[in-house]
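Engineer: coordinates only, sequence not included:
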């Protein structure tokens with residue numbers, strides 16, 4: 001949570017440094033962000049110069065200036081990029097909602113409750129008809145799957161090759 005608050009305060013630090021023509025506030029903010037080796041003051045000054053007072057641009061320019069020929073992501077790189085993600089998350093989600101809208105809501109159809117049939121009243125409980133159907137036993141031949149089902153997936157394309165070999 002402290003990192004997110006620090007990233008949110010970055011815009012104010014950039015504005016204050018523009019106003020005072022220094023890099024002190026931004027440098028302290030970057031330090032409290034948690035970067036292990038703090039960026040060079042020349043890098044911060046150059047990033048402030050070209051960022052147009054935008055914290056996202058500042059972080060991306062600083063990311064490029066720290067190591068332009070990187071082959072691996074260091075801890076500092078991950079912290080800078082996660083700060084960029086935090087700052088751009090709202091715009092990204094809004095843009096995704098515009099480009100990929102939610103599906104329309106389903107119409108709510110009330111299911112009618114089934115009608116309960118009035119039970120017939122018999123004069124004696126011994127006159128009620130017997131309505132129990134026993135479950136068929138397993139190995140009587142009743143449980144036969146007459147339709148052979150094969151899984152439908154690209155992983156099972158080998159079946160076609162097997163059919164060609166057998167034929």
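Structural biologist: Thanks, I have the structure now. Just so it is clear, the model here is predicted, and its values are computed rather than measured.
Engineer: where are the low-confidence patches of the chain?
Structural biologist: Residues of the chain meeting the criterion pLDDT under 70: 1, 101-102, 136-167.
Engineer: report the outermost residue of it with respect to its centre.
Structural biologist: residue 123 (65.6 Å; Cα atoms, centre = their mean).
Engineer: please identify which helix or strand holds that one.
Structural biologist: Using DSSP states H and E, residue 123 is not contained in any helix or strand.
Engineer: pull out the buried positions in stretch 77-89.
Structural biologist: Within stretch 77-89, the residues that count as buried by 16 or more other Cβ atoms under 10 Å are 79, 80, 83, 84, 87. Every C-beta, even on glycine, is put in place using the N, C-alpha and C of the backbone.
Engineer: what about stretch 31-44, start to end distance?
Structural biologist: Start-to-end span of stretch 31-44 (Cα to Cα, to the nearest Å) is 11 Å.
Engineer: residues contacting it, please?
Structural biologist: With Cβ atoms under 8 Å, 6 or more residues apart in numbering as the contact definition, stretch 31-44 has outside contacts at 2-3, 6-7, 23, 26-27, 30, 62, 65-66, 74-76, 79-80, 83.
Engineer: so where do the helices sit in the chain?
Structural biologist: With DSSP state H, the ranges of helices along the chain come out as 2-8, 10-20, 24-33, 41-50, 55-66, 75-99, 158-166.
Engineer: could I get those in TSV, plus columns for distance to residue 117?
Structural biologist: Listed next are the helices of the chain as TSV, based on distance: least, Cβ to Cβ, whole Å:
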stretch	distance to residue 117
helix 2-8	63
helix 10-20	71
helix 24-33	72
helix 41-50	79
helix 55-66	68
helix 75-99	50
helix 158-166	49
